[in-house]
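[1] compute the structure for the input listed below.
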Amino acid sequence: MQTLKENHNIILQNIPGYEPLAGYYSSNEELAEHPGLKLIIHHFGDIDKWSKVGNAHTKKTSIVWRFISPADLSTWTKPQLLAALNERTEQLNENKRKLQAAESEIRALETEVSSKQLENNRLEKRIKVLQDKVAAMTALYNAASS
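    Predicted coordinates for the structure are as follows:
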């Protein structure tokens, strides 16, 4: 825990419901997968507001810095670029799955509409036949009653 404070200017506080961040700390990207850190980053807020606090050393050495994406891609670090690429790839794959599901649903609905149109045409023809029969019967009735 002291290492996090010294190296990354992080003062540890446990997040209720999550394992402490210190339990995940390693030199690998393991910490990025910690749900508590994800929550912190998600709720971190406006980067401009954060960048006005502290100094260049505390910002660049902060463990959160590599997970925050500045607008200018040329200033991004390799871990930031890789994380953004992985996130965009996951989003793209999810969107492709959603698109395929939507296209499948559209095809199913088009098939249903087509069958309903055929049924509607059949029923319209049946109504026309019944109307013709009613007209013929009415004519016979009128002829017989006069």
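[2] okay, now residue 127: neighbour count?
    Neighbourhood size, residue 127 [other C-beta atoms under 10 Å]: 10. Every C-beta, even on glycine, is put in place using the N, C-alpha and C of the backbone.
[3] any idea how far residue 121 is from it?
    Note on residue 127: its distance to residue 121, by C-beta to C-beta, to the nearest Å, is 11 Å.
[4] now swap in residue 3 and tell me
    77 Å.
[5] then residue 104?
    Distance, residue 104 to residue 121, by C-beta to C-beta: 26 Å.
[6] got it, and residue 93?
    For residue 93, the distance to residue 121 (C-beta to C-beta) stands at 42 Å.
[7] now residue 137
    Distance, residue 137 to residue 121, using C-beta to C-beta: 25 Å.
[8] same thing with residue 133?
    On the measure of C-beta to C-beta, residue 133 and residue 121 end up 19 Å apart.
[9] same question, residue 95
    38 Å.
[10] pLDDT below threshold where in the chain?
    By pLDDT under 70, the weakly predicted segments of the chain are 1-2, 4-5, 9-32, 36-37, 39-72.
[11] okay, domains of it per the record?
    1-68, 76-146 (automatic domain parsing).
[12] mind listing what residue 82 touches?
    Residues near residue 82 by C-beta atoms under 8 Å, 6 or more residues apart in numbering: none.
[13] give me the element it is part of.
    Assigned by DSSP states H and E, residue 82 belongs to helix 78-145.
[14] got the CA coordinates for stretch 92-112 in PDB?
    Output in PDB follows, covering the C-alpha atoms of stretch 92-112 (Å, rounded to 0.1, in the frame of the first residue of the first chain):
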ATOM      1  CA  LEU A  92     -17.600  -3.200 -32.800                       C
ATOM      2  CA  ASN A  93     -18.100  -6.900 -32.200                       C
ATOM      3  CA  GLU A  94     -21.100  -6.200 -29.900                       C
ATOM      4  CA  ASN A  95     -22.600  -3.900 -32.600                       C
ATOM      5  CA  LYS A  96     -22.100  -6.500 -35.200                       C
ATOM      6  CA  ARG A  97     -23.900  -9.100 -33.000                       C
ATOM      7  CA  LYS A  98     -26.700  -6.600 -32.500                       C
ATOM      8  CA  LEU A  99     -26.900  -5.900 -36.200                       C
ATOM      9  CA  GLN A 100     -27.000  -9.600 -37.100                       C
ATOM     10  CA  ALA A 101     -29.800 -10.100 -34.500                       C
ATOM     11  CA  ALA A 102     -31.700  -7.100 -35.900                       C
ATOM     12  CA  GLU A 103     -31.300  -8.300 -39.500                       C
ATOM     13  CA  SER A 104     -32.500 -11.700 -38.500                       C
ATOM     14  CA  GLU A 105     -35.500 -10.200 -36.700                       C
ATOM     15  CA  ILE A 106     -36.200  -8.100 -39.900                       C
ATOM     16  CA  ARG A 107     -36.200 -11.200 -42.100                       C
ATOM     17  CA  ALA A 108     -38.500 -13.000 -39.700                       C
ATOM     18  CA  LEU A 109     -40.900 -10.000 -39.600                       C
ATOM     19  CA  GLU A 110     -40.700  -9.700 -43.500                       C
ATOM     20  CA  THR A 111     -41.700 -13.300 -43.700                       C
ATOM     21  CA  GLU A 112     -44.600 -12.800 -41.300                       C
END
